[in-house]
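> Curious how this folds, go ahead:
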Amino acid sequence: MSTTSDVKTHEDVPPWAAGTEGRHHELNPELNDAQIEIIRGYGEERCFKAGEYLWNTGQRDAGFFLVLDGELDILRHDEQGEHAFITHGRGHYGGEIVTMLGRGALVAGRARTDLKVIAVQTTCLRRLIATEPELGEVLLLSFILRRMRMVAEKLGRIVIIGESQDRETSRVSSFLSRNGVPFEVVGPTQDAQRVSRLLDTHQADLSDLPVIIGNDGMLKCPTNREIADYLGISAEIDYEVIYDVVVVGAGPGGLAAAVYAASEGLNVVVIEGSAPGGQAGSSSRIENYLGFPTGISGQALAGRAFLQAQKFGANIAIARQVESFECGDPHVLTLDGGDRLKARTVVLATGAVYRQPALERLDTMGGVHYGASYFEGQLCHGKSVAVIGGGNSAGQAAVYLSRRASNVYILVRGQGLAASMSDYLVQRINHIPNIHLRCHTEVESILGEENVEGLMVQDNRDSSSTQLDVSFLFVFIGARPGTDFIEGQLALDDRGFVLTGDALSDDQLEKSGWDLDRRPYLLETSCPGVFAAGDVRSGSIKRVASAVGEGSVCVQFIHQVLNRG
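Next up is the predicted model:
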């Protein structure tokens, strides 16, 4: 029996975190005797006294605990202390996504009564999920739904102090949101008394914002890596190992490569600078991806692939950057902080990032965004916004934001959308009354001191200027490849995208030092054993499905390199 208490509901939650209502039997399934015996084969019986902690918040590799006798409380933390929000009895278990991943726990587990459990170590739990498909499906689904519930109800104690529209607060909030971490934001103008109390308790002041407060103290204006380390969501990498595959980038192409390589027994590590999903992860809804007729959010798709890769044993390091690359045997990738990774093969899946228009103060203004996910949508409620760009990403963003913003202005330099946007999006935009398309329009300047308060735009036919009263600016123009760290090591095209396969000329291969009798495989670069997949590759089709296909195809060639060179 599992019982719940002390639960708050929130109507406005991320779309991927909604929908746990009415699914209690999947959130908290009661395992039968046969399932319990299967789990017994992967763990050992342990006993705890009433009041004893099985694991604490922030603890890594806490393990999995199935109740045989007694009751187990799952605890969340807030400013008033610890509170049990669910109690598990026989046949029920504690755990959510981090239990399988071995990352820092967001909640704690404590024996309500004297307790007997089957304890399963993290590595054994992953093996159980991979080798016992029916039981593994039950456990994995409950883990996913529990994390969805935690995000929807903001369970766990992570508070960001800062104004929502502030640039740094937005960065921190977006990082946590895209990594599926439950949190709340409290601003000085929103609740001055609470902010003052929290800052005084942690010996901070308004000059330190944004501040993250958790169970183990506080971080002042932290970097993404500092946040990941603080919360225990960063991976622990063995730098002495020569990996079969290092994947750079956890977008659709990189995650596909990780899933297929790890599922085929290769030793895989993935390096991701921000959050799983890449550009696709910030998409509010992908509607033309095969198998999802009603669409799926980019974050939901990326989150499933992220778990799938780790289910098969891939290690994914979040908030780590590759700073340089050396082609060799083995290849060497130097990470931020000087750590060096060695790999027999490498998959470059760093994607492409949106270019920035040449506007003064763009880098320092609050209210400028390069993706339109749930978090950005919340900020724009009831406001007017502008979207620069005429491609599918801009169209999806405009449609999504139109349900929250009062007005959405799409600004394009050309005469319309048909040449660069899918027809279904063009037709949808034409039928949404609060979306306003302004063709032949370019942004001259941003109005406001610290945050966007308006735009001056110009008609590129007659140079006439108009002021748009908007509070947010979304940029989806062009793209530049994420190839800064490989400069001088691989052959690139004239725009900086990575050349692969038949696109490489004999002269380019000779200049790169290609010394094999064979030519590069289809997705192989000018360095043997290094592949490129997705948007970073020259000539790629900028679609999620093609990136997934390229990432998976790379693995076939990786086997050939590992087996024959």
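
> any chance you could map the strands in the stretch 201-350 of the chain?
Under the criterion DSSP state E, counting those that start in this stretch, strands of the stretch 201-350 of the chain are mapped to 211-214, 217-220, 242-248, 268-272, 315-318, 322-326, 331-335, 340-348.

> Turn those into JSON lines, including distance to Gln508, mean neighbour count and mean pLDDT.
Where C-beta positions appear, they are placed from N, C-alpha and C, glycine not excepted. Shown next, in JSON lines, are the strands of the stretch 201-350 of the chain (distance: least, Cβ to Cβ, whole Å; neighbours: other Cβ atoms under 10 Å; pLDDT from 0 to 100):
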{"stretch": "strand 211-214", "distance to Gln508": "47", "mean neighbour count": "22", "mean pLDDT": "92"}
{"stretch": "strand 217-220", "distance to Gln508": "46", "mean neighbour count": "16", "mean pLDDT": "91"}
{"stretch": "strand 242-248", "distance to Gln508": "21", "mean neighbour count": "25", "mean pLDDT": "98"}
{"stretch": "strand 268-272", "distance to Gln508": "26", "mean neighbour count": "27", "mean pLDDT": "97"}
{"stretch": "strand 315-318", "distance to Gln508": "32", "mean neighbour count": "22", "mean pLDDT": "95"}
{"stretch": "strand 322-326", "distance to Gln508": "17", "mean neighbour count": "18", "mean pLDDT": "97"}
{"stretch": "strand 331-335", "distance to Gln508": "19", "mean neighbour count": "19", "mean pLDDT": "98"}
{"stretch": "strand 340-348", "distance to Gln508": "17", "mean neighbour count": "24", "mean pLDDT": "98"}
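
> and those strands as a markdown table, adding distance to Glu137?
Listed next are the strands of the stretch 201-350 of the chain as a markdown table, based on distance: least, Cβ to Cβ, whole Å:
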| stretch | distance to Glu137 |
| --- | --- |
| strand 211-214 | 32 |
| strand 217-220 | 37 |
| strand 242-248 | 26 |
| strand 268-272 | 23 |
| strand 315-318 | 21 |
| strand 322-326 | 35 |
| strand 331-335 | 35 |
| strand 340-348 | 28 |
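
> Identify whichever of those strands lies nearest to Ser406.
Minimum separation from Ser406 across the strands of the stretch 201-350 of the chain (Cβ to Cβ) falls at strand 211-214, 31.2 Å.

> Residues touching the closest one, excluding its own?
58, 157-162, 172, 198-199, 202, 204, 218-222, 227, 230-231 (Cβ atoms under 8 Å, 6 or more residues apart in numbering).

> out of these, which are inside helices?
172, 198-199, 227, 230-231 (DSSP state H).

> just the buried members of those residues?
Buried members of the ones in helices among the contacts of strand 211-214, scored by 16 or more other Cβ atoms under 10 Å, are 172, 198-199, 227, 230-231.

> Which among the strands of the stretch 201-350 of the chain is found nearest to Leu72?
Closest approach to Leu72 among the strands of the stretch 201-350 of the chain is made by strand 211-214 (22.9 Å; Cβ to Cβ).

> Give the pairing partners of that closest one; include direction for each.
strand 159-161 (antiparallel), strand 217-220 (antiparallel) (DSSP bridges).

> Just say helix, strand or coil for the residue of the chain most remote from its centre.
Most distant residue from the mean C-alpha position of the chain: Asp462, 43.0 Å away (Cα atoms, centre = their mean). Under DSSP: H, G, I helix; E, B strand; the rest coil, the three-state class of Asp462 is coil.

> where's it relative to Ala262, distance?
Going from Asp462 to Ala262 by Cβ to Cβ, to the nearest Å gives 57 Å.

> Next: Ile429.
Ile429 is 40 Å from Ala262, by Cβ to Cβ.

> Now do the helices in the stretch 101-250 of the chain.
With helices called from DSSP state H, counting those that start in this stretch, the stretch 101-250 of the chain shows them at 122-131, 133-153, 167-178, 192-201, 224-231.

> Quick check: which of those helices is nearest to Gly109?
If you check each of those against Gly109 by Cβ to Cβ, helix 133-153 wins as the nearest, at 12.6 Å.

> Give me the residue ranges of the stretch 301-450 of the chain where confidence is low.
Applying pLDDT under 70 to the stretch 301-450 of the chain flags no residue at all.

> As a check, name the ranges of all helices in it.
Ranges of helices in the stretch 301-450 of the chain, per DSSP H, counting those that start in this stretch, are 374-379, 392-402, 423-430.

> What of the stretch 451-565 of the chain?
506-512, 544-564.

> So for His83, which of these sits nearest?
Among the helices of the stretch 451-565 of the chain, helix 544-564 comes nearest to His83, with 40.4 Å by Cβ to Cβ.

> That closest one to strand 340-348, inter-axis angle?
If you take axes from the mean of the first three to the mean of the last three Cα atoms, to 10 degrees, helix 544-564 sits at 120 degrees to strand 340-348.

> which strands and helices sit next to helix 544-564?
strand 242-248, helix 252-263, strand 340-348, strand 530-532 (3 or more Cβ pairs under 8 Å, 6 or more residues apart in numbering; DSSP states H and E).

> how about those, which one is nearest Ala397?
helix 252-263 (17.9 Å).

> gap between Glu226 and Arg127?
For Glu226 relative to Arg127 (Cβ to Cβ), the value is 32 Å.

> Correction: the previous question concerned Val268.
Distance from Val268 to Arg127, by Cβ to Cβ: 16 Å.

> How about Val498?
From Val498 to Arg127 the distance is 36 Å (Cβ to Cβ).

> The two: which is more packed in?
A count of neighbours by other Cβ atoms under 10 Å puts Val498 above the other of Val498 and Arg127, at 28 against 15.

> thinking the more buried one is in contact with Leu523, fair?
No - if you go by Cβ atoms under 8 Å, Val498 and Leu523 don't touch, sitting 9.6 Å apart.

> what is in contact with the two at once?
Common neighbours of Val498 and Leu523 (Cβ under 8 Å, 6+ apart) are 532, 537.

> Of the helices and strands packed on helix 544-564, give the one that comes closest to Leu176.
Ranking the helices and strands packed on helix 544-564 by proximity to Leu176 (Cβ to Cβ) places helix 252-263 first, at 19.8 Å.

> how much does the closest one deviate in direction from strand 268-272?
Going by the same axes, to 10 degrees, helix 252-263 makes 160 degrees with strand 268-272.

> which helices and strands does helix 252-263 pack with?
Checking 3+ Cβ pairs under 8 Å, 6+ apart, helix 252-263 ends up next to strand 242-248, strand 268-272, helix 278-281, helix 298-311, strand 340-348, helix 544-564.

> For Thr113, which of those is the nearest?
Closest among the helices and strands packed on helix 252-263, using Cβ to Cβ: helix 298-311, at 32.6 Å.

> in the closest one, what's buried?
For helix 298-311, burial by neighbour count (16+ other Cβ under 10 Å) applies to 298-303, 305-311.

> now these as a markdown table including distance to Ile286?
Shown next, in a markdown table, are the buried residues of helix 298-311 (distance: Cβ to Cβ, whole Å):
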| residue | distance to Ile286 |
| --- | --- |
| Gly298 | 6 |
| Gln299 | 10 |
| Ala300 | 9 |
| Leu301 | 7 |
| Ala302 | 10 |
| Gly303 | 13 |
| Ala305 | 13 |
| Phe306 | 16 |
| Leu307 | 18 |
| Gln308 | 17 |
| Ala309 | 19 |
| Gln310 | 22 |
| Lys311 | 22 |
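
> Tell me the one of those nearest Ser445?
So of those, ranked by how close each gets to Ser445 (Cβ to Cβ), first place is Gly298, at 31.0 Å.

> Who are the contact partners of the closest residue to the closest one other than its chain neighbours?
Closest residue to Gly298 apart from its sequence neighbours, by Cβ to Cβ, 6 or more residues apart in numbering: Ser283 at 3.5 Å. Residues near Ser283 by Cβ under 8 Å, 6+ apart: 297-298, 371-373, 393, 396-397.
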